[in-house]
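Student: how would this look folded up:
(one chain, ligands or ions: 1)
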Amino acid sequence: MDAKETKAQALHDFAQYVNPMKARILHHAGLDIIEARREGVRVWDLEGRSYIDCITSAGSFNVGRRNPAIVAALKAALDEADQGIFLLASKGKADLGRRLAEITPGDLKFSMFGASGGEAVDFAIKLARGYTRRPKIISTNKGYHGHTGFALSAIGRDAYQAPFHPLMPEFVRVPFGDLGALAAAMDDRTAGVLMEPVQGEGGINVAPDGYLAGVRALCDKAGAMMILDEIQTGFGRTGTMFACEWAGVVPDIMTLGKSLGGGLYPITAVVFREPLGDFLVMNPFIHLSTFGGADLGCAVGLATIAFLVENDLPGNAQRMGERFMAGFAALQEKYPEVLREYRGRGLMMGLQYADDSMGPRMSYQLAQHGVIALYTGNDPSVMRLQPPLTIASEEVDEVLAALDGSMAAIAAGSGTSPAAAGGEKKRRPQR
Ligand SMILES: Cc1ncc(COP(=O)(O)O)c(C=O)c1O
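Tutor: Okay, the predicted model is just below:
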């Protein structure tokens with residue numbers, strides 16, 4: 001089979017055996033791409049077309065695609081280890097636990113490892129309830145925390161929850177950024193307040209100045225646990241190693257995932273402050289995970305943190321984020337009928353288009369221009385841009401040029417299908 005046939009077969013089988021409607025939506029957004037080669041900020045599809053990856057599995061590739069240093073660390077670990085016996089201590093878990101305690105702020109100290117972000121959020125909520133012996137969990141509208149039991153109950157989008165009622169009891173939601181609403185919802189039954197410092201899936205909503213410090217103060221007053229979900233914002237994405245650092249706030253519990261696995265091996269962690277360790281003293285086997293904290297994952301996590309620190313990727317995220325913002329300002333001036341607003345922090349950026357149709361149409365156009373980017377689930381008028389933190393200024397300019405070309409096509413009325421988008425230039429495969 002040649003590349004074209006292999007791609008057609010894969011897309012056909014995906015639609016037949018995995019998810020037919022998803023296959024159609026991806027097709028219409030120009031994202032029916034089968035990833036082949038992956039390197040740095042780029043992926044190549046089976047037919048050799050290259051794309052700058054601005055999706056990165058929502059921030060899973062902070063160190064780039066198939067970063068050679070992380071691949072080498074995983075290969076070396078494979079030479080002598082496997083997942084390990086989860087019930088035993090291991091050097092990998094011990095080393096990664098220590099390193100996470102070193103790089104997280106304040107007295108965040110203990111780590112509970114997992115294999116998915118949802119699992120991490122579930123444990124964070126269990127810990128808040130178990131430690132405080134209180135039932136109530138407050139989360140935010142449009143927040144995103146995964147699809148497992150407790151996490152799904154906290155998620156801020158009704159559509160994800162609707163088929164599964166009844167959800168967990170004692171979950172309450174408040175508008176993100178509204179301290180008054182949070183204060184009104186909090187009481188002496190509140191175990192924890194869970195939120196993202198920058199809502200990702202919710203549409204790149206950055207916590208307003210002073211908000212996270214206000215949440216901290218309200219939690220302190222009520223004796224509730226502040227849980228920051230840094231699964232997407234962590235590991236340099238917003239210009240500091242963790243987003244809570246720019247807010248000058250230390251949460252009681254922090255969830256970490258995605259980029260901890262270097263884009264190669266699933267591993268997540270819940271890091272929590274020293275006093276909460278008492279709960280584990282009483283309940284050392286209260287949360288178990290066969291794949292959580294696998295020795296291979298720990299090796300990858302340690303190599304990823306080393307690469308982030310040695311190459312100052314948080315600093316690069318800050319600098320490249322500023323370059324993007326300057327470019328967005330120019331694009332907004334040029335295409336006010338397409339680009340309404342832009343926002344973000346570091347390389348966690350969002351473009352607010354004029355209407356809901358423009359997210360899918362821009363995804364389609366950008367793919368034609370060699371960039372993959374997705375609109376958000378909560379709001380199709382918002383596009384997320386989250387390239388690897390290794391991106392260089394020339395690559396930022398390449399993405400900005402692709403946005404320029406795509407917005408020009410949208411302003412001229414192009415749609416998502418090849419027919420509607422007629423006249424666009426055919427991209428030649430690059431190798
Ligand atoms: C902020 C946040 N929390 C939790 C999750 C869930 O992580 P996972 O998909 O690994 O379960 C995600 C995934 O996108 C996320 O962005």
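Student: in this structure, spot the helix with the most residues.
Tutor: Secondary structure assigned by DSSP state H gives helix 313-334 as the longest helix of the chain.
Student: closest residue of the chain to the ligand?
Tutor: residue 117 (2.1 Å; CB to the nearest ligand atom). In short, each C-beta sits where N, CA and C put it, glycine included.
Student: show me what from the stretch 1-150 of the chain comes close to the ligand.
Tutor: Residues of the stretch 1-150 of the chain that fall close to the ligand, judged by CB under 6 Å from any ligand atom: 58, 116-118, 121, 144-146.
Student: from the residues you listed, which ones fall inside helices?
Tutor: Per DSSP H, those map to helices at 58, 117-118, 121.
Student: looking at those residues, which is nearest residue 162?
Tutor: Nearest to residue 162, judged by CB to CB, of these is residue 118 at 17.9 Å.
Student: what is the longest helix of the chain packed up against?
Tutor: Applying 3 or more CB pairs under 8 Å, 6 or more residues apart in numbering; DSSP states H and E, one finds that helix 313-334 contacts strand 339-345, strand 348-353, helix 393-411.
Student: tilt between it and strand 339-345?
Tutor: 170 degrees (axes from the mean of the first three to the mean of the last three CA atoms, to 10 degrees).
Student: report the rounded mean pLDDT for helix 313-334.
Tutor: Averaging pLDDT along helix 313-334 yields 98.
Student: which of the residues in that helix are buried?
Tutor: 313-314, 316-318, 320-321, 324, 327-328, 331-332 (16 or more other CB atoms under 10 Å).
Student: and it, how far out from the chain's middle?
Tutor: Here helix 313-334 is found 19 Å from its chain centre; the criterion is CA atoms, centre = their mean, to the nearest Å.
Student: just stretch 61-78 next, same as before
Tutor: With CA atoms, centre = their mean, you get 19 Å for stretch 61-78.
Student: same check, this time on stretch 256-268
Tutor: Its chain's C-alpha centre and that of stretch 256-268 lie 11 Å apart, by CA atoms, centre = their mean.
Student: how long is that stretch from one end to the other?
Tutor: 6 Å (CA to CA, to the nearest Å).
Student: any low-confidence regions in the stretch 251-400 of the chain?
Tutor: Counting by pLDDT under 70, the stretch 251-400 of the chain contains no low-confidence range.
Student: so which residues on it come close to the ligand?
Tutor: residue 257.
Student: ok, residue 311 to residue 70 distance?
Tutor: 12 Å (CB to CB, to the nearest Å).
Student: neighbour count: the two, which is higher?
Tutor: residue 70 (24 against 16; other CB atoms under 10 Å).
Student: what's the end-to-end length of stretch 125-138?
Tutor: Stretch 125-138: ends 10 Å apart by CA to CA.
Student: centre of the chain to that stretch, how far?
Tutor: Using CA atoms, centre = their mean, the distance from the centre of stretch 125-138 to the centre of the chain it belongs to is 24 Å.
Student: which parts of that stretch are buried?
Tutor: Buried-residue list, stretch 125-138, by 16+ other CB under 10 Å: 125-132, 134, 136-138.
Student: can you give me the mean pLDDT across it?
Tutor: On average, stretch 125-138 scores 98.
Student: tell me the contacts of the residue of the chain closest to the ligand?
Tutor: 145-146, 151, 231, 255, 257-258, 268 (CB atoms under 8 Å, 6 or more residues apart in numbering).
Student: let's see it at 10 Å
Tutor: Contact analysis of residue 117 by CB atoms under 10 Å, 6 or more residues apart in numbering lists 58, 60, 144-148, 151, 229, 231-232, 255-258, 260, 266, 268.
Student: residues near the nearest residue to it once chain neighbours are set aside, how many?
Tutor: The shortest distance from residue 117 to any non-neighbouring residue, by CB to CB, 6 or more residues apart in numbering, is to residue 257 (3.8 Å). Look at residue 257: counted by other CB under 10 Å, it has 28 neighbours.
Student: how far off centre is stretch 325-335?
Tutor: Centre-to-centre, stretch 325-335 and its host chain are 25 Å apart (CA atoms, centre = their mean).
Student: my bad, should have said stretch 238-255
Tutor: 15 Å.
Student: can you give me the offset of stretch 385-395 from its chain's centre?
Tutor: For stretch 385-395, the distance to the chain centre is 15 Å (CA atoms, centre = their mean).
Student: may I see the buried residues of it?
Tutor: 385-391, 395.
Student: just these now: which is nearest residue 192?
Tutor: residue 386 (26.8 Å).
Student: outline the domain layout of this protein.
Tutor: For the chain, automatic domain parsing gives the domain ranges 3-62+312-411, 68-310.
Student: that older thread, most surrounded residue in the residues of the stretch 1-150 of the chain next to the ligand?
Tutor: Most surrounded of those: other CB under 10 Å gives residue 121, at 32 neighbours.
Student: so what's the residue count around residue 357?
Tutor: The burial count for residue 357: 14, using other CB under 10 Å.
Student: if you could redo that for residue 177, that was the one I meant.
Tutor: For residue 177, using other CB under 10 Å, the count is 17.
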